[in-house]
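S.K.: predicted coordinates and the sequence they were generated for:
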Amino acid sequence: MIELEGLTKRYGEKMAVNNLTFTVRPGIVTGFLGPNGAGKSTTMRMMLGLDRPTAGDVRIDGRHYDRLKDPLKHIGALLDAKAAHGGRSAFNHLLCLAQSNGIPRQRVHEVLDTVGLTSVARKKTKGFSLGMGQRLGIAGALLGDPRILMFDEPVNGLDPEGIHWIRTLMKSLAAQGRTVFVSSHLMSEMALTADHLVVIGQGRLLADTSMADFIEHNSRSYVRIRCPQRERLLDVLHEAGITAVESGEVLEVDGAKAEQVGELAAAHQLVLHELSPQQASLEEAFMRLTAESVEYHAHSGTSAPPQQWGDGWKRG
Ligand SMILES: Nc1ncnc2c1ncn2[C@@H]1O[C@H](COP(=O)(O)OP(=O)(O)OP(=O)(O)O)[C@@H](O)[C@H]1O
């Protein structure tokens with residue numbers, strides 16, 4: 001378990017992390033989301049004792065990081081895929097980490113095998129691709145067989161097979177009862193991996209919610225309809241107590257299933273050119289939540305997602 005209590009970090013005038021209080025629990029994957037510059041890496045660095053908080057506190061299984069004996073046996077972290085010494089082989093990089101934490105040499109072979117780097121174990125890491133570097137960083141995190149794992153943007157640079165692999169790995173680590181904390185700015189990726197979400201923007205907590213709640217409140221589902229006898233269909237829907245919103249030549253219906261609309265249309269001999277269930281993306285919901293706290297805006301001219309859905313899970 002990782003517990004944050006009023007965690008704060010200020011760099012000069014810049015408030016990078018602002019009074020964060022939340023708990024990362026074992027047995028589930030917790031996604032840590034926020035736009036660029038939101039303070040995710042700074043928060044993770046403070047969890048690992050690499051940055052000193054300006055105020056507040058963070059505890060790893062009840063203790064401060066610097067009080068942990070052989071810390072790799074308590075918490076393993078992937079923070080920076082390029083952190084390995086380029087002149088060392090993958091094997092020697094991991095062996096150094098192992099020796100400094102009282103971990104047997106045999107474990108280095110095991111984690112290299114787990115991440116699929118056995119065949120390049122003796123190669124110098126400076127020749128590694130970004131994806132290979134990520135795998136090596138993950139091997140380092142797993143080395144001490146810790147109960148808590150932390151990954152900063154682990155899918156960065158991985159190909160689709162690698163992304164699938166890391167997703168499965170994180171879920172299986174959580175299923176073993178470990179605490180898994182993973183940062184990303186990709187909502188779509190988190191939706192496939194995380195059970196719980198912590199969202200921050202400009203250093204502040206925006207949401208601390210289960211993924212199920214997030215989906216329930218934010219993935220607006222509706223039925224899209226095109227009908228050449230539109231006015232008649234609108235009357236039929238109205239009589240059945242179903243509200244349809246007109247959007248160009250399309251009708252959108254909330255709160256009714258496609259089957260119900262199709263059967264009503266058939267009963268009144270109305271022709272439908274389209275009848276399709278739709279799901280609005282979680283990516284849109286995330287962007288809307290964090291829109292006000294995005295530091296670096298690009299202007300694409302795209303309109304904001306609909307305003308009518310999903311505010312229920314935000315913290316006040
Ligand atoms: N050592 C530092 N000195 C000064 N400012 C810093 C330092 N480290 C981070 N910051 C600032 O603190 C804020 C939070 O940065 P941080 O890297 O934690 O964000 P992030 O959420 O990890 O971003 P990204 O998704 O882009 O990696 C940013 O505005 C950043 O410029």
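M.R.: The structure has been received and is ready for your questions. Numbering: from 1, shown residues only.

S.K.: for residue 80, helix, strand, or coil?
M.R.: Classification of residue 80 using DSSP: H, G, I helix; E, B strand; the rest coil returns coil.

S.K.: number of residues surrounding it?
M.R.: 12 (other CB atoms under 10 Å). In short, each C-beta sits where N, CA and C put it, glycine included.

S.K.: ok, it touching residue 134?
M.R.: No - applying CB atoms under 8 Å, one finds residue 80 not in contact with residue 134, separated by 10.1 Å.

S.K.: rounded mean pLDDT for stretch 60-73, please.
M.R.: Mean pLDDT, stretch 60-73: 89.

S.K.: list the buried residues in it.
M.R.: 60, 65, 68, 71-73 (16 or more other CB atoms under 10 Å).

S.K.: of the residues you listed, closest to residue 127?
M.R.: Nearest to residue 127 among those: residue 72, at 25.4 Å, using CB to CB.

S.K.: would you list the phi and psi of the spatially closest residue to that closest one that is not a sequence neighbour?
M.R.: For residue 72, ignoring the flanking residues on the chain, the nearest one in space by CB to CB, 6 or more residues apart in numbering is residue 144 at 3.4 Å. Phi and psi for residue 144, reported as degrees, to the nearest 10, are phi -90, psi 10.

S.K.: what do you get for residue 77?
M.R.: Dihedral angles for residue 77 - degrees, to the nearest 10 - are phi -140, psi 140.

S.K.: pLDDT score assigned to the nearest residue to it once chain neighbours are set aside?
M.R.: Spatial nearest neighbour of residue 77, excluding adjacent residues (CB to CB, 6+ apart): residue 150 at 4.2 Å. Here the pLDDT value assigned to residue 150 is 96.

S.K.: same thing with residue 288?
M.R.: 73.

S.K.: so what are the sheet partners of the strand or helix carrying the residue nearest to residue 77 and their directions?
M.R.: Assessed by DSSP states H and E, residue 150 sits inside strand 148-152. In the sheet, strand 148-152 lines up against strand 75-78 (parallel), strand 179-184 (parallel) (DSSP bridges).

S.K.: which residues are contacting the longest one?
M.R.: Contacting residues not belonging to strand 179-184 are listed as 1-2, 24-33, 40-41, 44, 147-155, 170, 173-174, 190, 193-194 [CB atoms under 8 Å, 6 or more residues apart in numbering].

S.K.: not counting its neighbours along the chain, what's nearest residue 76?
M.R.: Residue 76 sits nearest to residue 141 (CB to CB, 6+ apart), 3.4 Å away.

S.K.: show me what whichever strand or helix holds that neighbour packs onto, helices and strands only.
M.R.: Following DSSP H and E, one finds residue 141 within helix 130-142. Contact here means 3 or more CB pairs under 8 Å, 6 or more residues apart in numbering; DSSP states H and E; on that basis helix 130-142 packs against strand 75-78, helix 90-100, helix 106-114, strand 148-152, helix 160-175.

S.K.: now do the contacts for residue 79.
M.R.: Residue 79 touches 41, 44-45, 48, 50, 137, 150, 152, counting by CB under 8 Å, 6+ apart.

S.K.: who's in contact with the residue of the stretch 101-250 of the chain found nearest the ligand?
M.R.: Using CB to the nearest ligand atom, residue 185 is the residue of the stretch 101-250 of the chain that sits closest to the ligand, at 5.2 Å. Residue 185 makes contacts with 33-36, 38, 40, 153, as judged by CB under 8 Å, 6+ apart.

S.K.: TSV for the residues you listed, including distance to residue 55?
M.R.: As requested, the contacts of residue 185 are arranged in TSV below (distance: CB to CB, whole Å):
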residue	distance to residue 55
33	23
34	20
35	23
36	24
38	18
40	19
153	26
